[in-house]
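quick one, what's the 3D model for this:
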Amino acid sequence: MPLNRRKFLKKSAVTGAGVALAGAAAAPAAEAAEAAEASDAEKGYGHRPVKRYALTVMGTTDLHGHVFNWDYFKDAEYADAQGNAQGLSRISTLVNRVREEKGRRNTLLLDAGDTIQGTPLTYYYAKVDPITADGGPVHPMAAAMNAIGYDAVALGNHEFNYGIETLRKFEEQCDFPLLGANALDAKTLKPAFPPYFMKTFHVKGAPPVKVAVLGLTNPGIAIWDKAYVQGKLTFPGLEEQAAKWVPRLRSMGADVVVVSAHSGSSGTSSYGDQLPYVENSAALVAQQVPGIDAILVGHAHVEIPELRVTNAQTGRSVVLSEPLAYAERLSLFDFELVFAKGRWSVESVKASVLNSNSVADDPRITKLLKDDHDVVVAYVNQVVGTATETLTTVEARYKDAPIIDLITRVQEDVVRAALAGTEYASVPVIAQASPFSRTSQIPAGEVTIRDLSSLYVYDNTLVAKLMTGAQVRAYLEYSAQYFVQTAAGAAVDVEKLTNAGGRPDYNYDYVSGLSYEIDIARAVGSRIRNLSYGGVALDDAQQFVLAVNNYRANGGGAFPYVASAKELWSESTEIRTRISEWVTAKGVLDPKDFASVDWKLTRDGTPVF
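Numbers count the residues shown, from 1 in each chain. The predicted structure is shown next:
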């Protein structure tokens, strides 16, 4: 009986079965590549001919909805200073080239997660014309990845941003499995998604080569998408689950074990000690778990052509590679296998990356998704209001910029309305926001959805948390670590003033409704000066409602107190949608309606700017 992939996936979600497609998509044996032969003397195997086999595993990660080399926020072809190109249409061209060179029967195509969130294209088909609706559309990422011929994809944390129903519908539309060995059913502790994928490669004149792909996702999902997964799914650490599954895969006859991990290689976490598991643990998996040959790394949005990590137990080298996000790079793992003493073994692995800017779009993919793309371009170009002046984020990292005040004002208004009539209606509402982008601009004149979306690029939603004045002070002190300590009188270079300790811009928060100074001449922990509310020094015991995005509310960035603070209200509508609604209702976007100077940088009390 032929395998019904969708029925099998549904069954695997309950039983924890893996996806074992023996020989799937492999060419008939007659067409299989002949294993190269070499003499025993060359490699120390004696004097009989040795069978060899070359396998190439290709990988992408953190695609974040990029099918086209298109910037929906600028309504133009994507371009950056480094000359990068983006999109699965470019990746498709690279994949075709590798398959032609190596023979498709000798290749495997994987992804390490974060697929269905990140562009207006994916937002539109999750929220505006959702794939979950009766008779709804096919998700453009499913359509593109099916057409390109992905073999397996690991779950990323952003797969859960739109809820489990949307993820399951996407899974149903994919012709490949979504892997997550450490995404467990919270009640049964069985895998809720297929843990692994197995593929058999036929070799003429020799036994077949069996390749296992273990998929691992990020434990931070339990924090970042708590509203969707709490009580339903649990996410143990990558090392723990790899140690469980890799021996099983070897015992099932896997000659090669590749891990696709939505987890960076740095060994660090952005959520502090809220979970006992490491967020970026790919290198730890390589070091601690024997039996792995290579790891496709994701999540961190950095380019690692090749990283070799020595396994502590075996002394063998494990090869890691992370291609740049947004389909800007394609990782290649080139395996050389040798058949000796009745079994295949990996003799060598080398990794490299290919650049999407070196090829043109695959017209087959652009044609396939053109209608979806055109619909979204028209959507984001809708005019929703008029701006009296140009607003920009260019200086928002180090100056209180009106464009960020727009975000906090919208959040304050939404939360006040939500709490009206409750026991917290009279508690002062303050709000946080971060300078996500350094290039966002709302131009004077007509304002479109894409203008506002470029200001808030994440699909965050709004949460109301109850905080004390003392907790807010600690929150601000933590945020102020973003600035490099700069002595009074020293020259100030704005390009070197921020991102202390590697902290990204999205982990620096404004807080509206208060007045304060950040003294960057002072040491971390003592920078917040003259903190006041309503013109009076802040009372540490006073209560505030903090309007905060769900990423921060759930512990993202490890800001103090906020994750454990009492939650008063939350919603599933994106903050960017609330901004569009607010501007649409106003009709005119005028800074006098939302801008205020709440904070400034100082040195020994003297303003920096």
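
quick check: which element contains residue 551?
helix 550-553 (DSSP states H and E).

by contact count, what packs against that helix?
Where contact means 3 or more CB pairs under 8 Å, 6 or more residues apart in numbering; DSSP states H and E, helix 550-553 is packed against strand 461-468, strand 566-574. Where C-beta positions appear, they are placed from N, C-alpha and C, glycine not excepted.

most tightly packed of those strands?
Neighbour counts (mean count of other CB atoms under 10 Å) averaged over each of the helices and strands packed on helix 550-553 peak at strand 461-468, with a mean of 22.

right, and the helix or strand after that one?
Following strand 461-468 toward the C-terminus (DSSP H and E): helix 469-479.

the helix or strand following that following helix packs against which elements?
Of the helices and strands lying after helix 469-479 in sequence (DSSP H and E), the nearest is strand 510-511. Applying 3+ CB pairs under 8 Å, 6+ apart, we find strand 510-511 packed against helix 402-419, strand 429-433, helix 469-479.

name the residues of the following helix or strand past strand 510-511 that are buried.
Next helix or strand after strand 510-511 toward the C-terminus (DSSP H and E): strand 515-519. By 16 or more other CB atoms under 10 Å, the buried positions in strand 515-519 come out as 515, 516, 517, 518, 519.

redo those as CSV? Include distance to residue 57.
Shown next, in CSV, are the buried residues of strand 515-519 (distance: CB to CB, whole Å):
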residue, distance to residue 57
515, 56
516, 52
517, 53
518, 48
519, 52
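
rewinding a little: mean pLDDT for the helices and strands packed on helix 550-553: which is lowest?
Least confident of these, judged by mean pLDDT, is strand 566-574 with a mean of 87.

touching, residue 326 and residue 68? I think so.
No. Residue 326 is beyond contact range of residue 68, at 10.9 Å (criterion: CB atoms under 8 Å).

closest to residue 379 out of the helices and strands packed on helix 550-553?
Between residue 379 and the helices and strands packed on helix 550-553, the shortest gap by CB to CB is with strand 566-574, which sits at 14.2 Å.

tell me the strands beside that closest one, with direction?
If you go by DSSP bridges, strand 566-574 pairs up with strand 461-468 (antiparallel).

out of the helices and strands packed on strand 510-511, the one nearest residue 212 is which?
Nearest to residue 212 among the helices and strands packed on strand 510-511 is helix 469-479 (42.6 Å), distances taken as CB to CB.

low-confidence stretches in this protein?
Applying pLDDT under 70 to the chain flags the ranges 1-49.

mind doing that once more with 80?
Within the chain, the stretches with pLDDT under 80 are 1-49, 272-274, 572.

how about residue 395, secondary structure?
Recorded secondary structure, residue 395: coil (DSSP: H, G, I helix; E, B strand; the rest coil).

right, and it touches residue 401 too?
Yes. Contact criterion CB under 8 Å: residue 395 and residue 401 qualify, at 6.0 Å.

the two: which is more packed in?
The neighbour comparison of residue 395 against residue 401 (other CB atoms under 10 Å) goes to residue 401, with 20 against 14.

which residues touch that one?
With contact set as CB atoms under 8 Å, 6 or more residues apart in numbering, residue 401 has these partners: 391, 392, 393, 395, 435.

which among those count as buried?
Among the contacts of residue 401, the ones that count as buried by 16+ other CB under 10 Å are 391, 392, 393, 435.

just these: which are in strands?
Among the buried ones among the contacts of residue 401, the members falling in strands (DSSP state E) are 391, 392.

nearest to residue 553 among the buried ones among the contacts of residue 401?
Distance ranking of those against residue 553, using CB to CB, places residue 435 first at 18.7 Å.

still on that earlier bit, please identify which of residue 326 and residue 68 sits among more neighbours.
Legend: neighbour count by other CB under 10 Å for residue 326 and residue 68, higher for residue 68 (28 against 25).

where does that one land in three-state SS?
Classified using three-state DSSP, residue 68 is coil.

and it, its phi and psi?
Main-chain torsions, residue 68, degrees, to the nearest 10: phi -110, psi 160.

give the contact list for the nearest residue to residue 529 once chain neighbours are set aside.
In space, and not counting its chain neighbours, residue 529 is closest to residue 517: 4.4 Å by CB to CB, 6 or more residues apart in numbering. By CB under 8 Å, 6+ apart, the contact set of residue 517 is 528, 529, 530, 599, 600, 601, 602, 605.

biggest separation within those, which pair?
Maximum distance among the contacts of residue 517 (CB to CB): 14.1 Å, for 599 and 605.

where does residue 55 fall, secondary structure wise?
strand 50-60.

sheet partners, orientation included, of the helix or strand just after that strand?
Where DSSP H and E defines the elements, the next helix or strand beyond strand 50-60 is strand 70-71. Strand 70-71 pairs in its sheet with strand 76-77 (antiparallel), by DSSP bridges.

contact partners of the strand it pairs with?
Against strand 76-77 from outside (CB under 8 Å, 6+ apart): 69, 70, 71.

just put these in CSV and tack on distance to residue 483 and neighbour count.
Output for these, formatted as CSV (distance: CB to CB, whole Å; neighbours: other CB atoms under 10 Å):
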residue, distance to residue 483, neighbour count
69, 35, 23
70, 35, 22
71, 30, 16
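
closest one of these to residue 506?
residue 71 (18.9 Å).

which residues of the stretch 51-200 of the chain fall in helices?
Counting by DSSP state H, counting those that start in this stretch, one finds helices in the stretch 51-200 of the chain at the ranges 88-102, 120-123, 140-148, 164-173.

format these as JSON lines; extra columns: mean neighbour count and distance to residue 316.
Putting those into JSON lines (neighbours: other CB atoms under 10 Å; distance: least, CB to CB, whole Å) gives the following:
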{"stretch": "helix 88-102", "mean neighbour count": "21", "distance to residue 316": "24"}
{"stretch": "helix 120-123", "mean neighbour count": "24", "distance to residue 316": "39"}
{"stretch": "helix 140-148", "mean neighbour count": "23", "distance to residue 316": "32"}
{"stretch": "helix 164-173", "mean neighbour count": "19", "distance to residue 316": "34"}
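
go through those helices and name the closest to residue 497.
Nearest of these to residue 497, taken as CB to CB: helix 120-123 at 31.9 Å.

other SSEs contacting the closest one?
With contacts taken as 3+ CB pairs under 8 Å, 6+ apart, helix 120-123 sits against helix 140-148, helix 363-380.

tabulate these (JSON lines), appending distance to residue 470.
Converted to JSON lines, the helices and strands packed on helix 120-123 look like this (distance: least, CB to CB, whole Å):
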{"stretch": "helix 140-148", "distance to residue 470": "45"}
{"stretch": "helix 363-380", "distance to residue 470": "42"}
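
which of these sits closest to residue 458?
Closest to residue 458 of these, according to CB to CB: helix 363-380, at 15.8 Å.

what helices or strands is that closest one leaning on?
Against helix 363-380 (3+ CB pairs under 8 Å, 6+ apart) you get helix 88-102, helix 120-123, helix 140-148, helix 449-455.

no further queries at this time; thank you.
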